[in-house]
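J.: no FASTA, just this:
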């Protein structure tokens with residue numbers, strides 16, 4: 001069949017066919033609207049999940065930055081500890097030298113008093 005043109009002499013069966021076609025289109029329209037509502041709901045749920053994931057990601061990034069800062073402070077403290085240990089070793093060496101000098105001076109004093 002080609003393009004049908006309205007005719008004053010349409011048969012009742014033509015009218016029935018059109019009524020069925022209109023009903024089919026209405027049903028199809030309802031089905032499409034139902035699918036649109038379902039997809040809109042899913043989109044809303046996905047948007048909510050994405051927002052939640054985005055928030056969690058921001059929390060993780062913030063936590064990571066704090067951990068990085070803590071790590072940097074630990075490294076700086078380790079350098080300070082190493083410097084203090086080096087200074088302590090130097091002071092201990094100097095203390096040994098001073099004790100030896102005191103021992104030697106005491107020995108000289110003792111000999112001088114004999």
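T.: It's in. Since the model is a prediction, treat every value here as computed from it, not as a measurement.
J.: Where does pLDDT dip in the protein?
T.: Residues of the chain that meet the criterion pLDDT under 70 lie in 1-10, 12.
J.: What ranges does it have for its helices?
T.: 12-113 (DSSP state H).
J.: Nearest residue to the middle of it?
T.: residue 57 (2.8 Å; CA atoms, centre = their mean).
J.: And that residue, how close does it get to residue 44?
T.: Using CB to CB, to the nearest Å, one obtains 20 Å as the distance from residue 57 to residue 44. All C-beta spots, glycine's among them, are computed from the backbone N, C-alpha and C.
J.: try residue 19
T.: Summarising the geometry, the distance separating residue 19 from residue 44, computed by CB to CB, is 37 Å.
J.: same check, this time on residue 11
T.: In this view, residue 11 and residue 44 are 49 Å apart by CB to CB.
J.: And for this structure, the residue most distant from the center?
T.: residue 114 (82.2 Å).
J.: do you know how far that residue is from residue 107?
T.: In this structure, residue 114 and residue 107 are separated by 11 Å, where distance is defined by CB to CB.
J.: Please apply the same query to residue 62.
T.: If you go by CB to CB, the gap between residue 62 and residue 107 works out to 67 Å.
J.: Residue 22 too?
T.: When CB to CB is the yardstick, residue 22 and residue 107 sit 125 Å from each other.
J.: With residue 85 instead?
T.: 33 Å.
J.: Please apply the same query to residue 82.
T.: Counting by CB to CB, the gap between residue 82 and residue 107 amounts to 38 Å.
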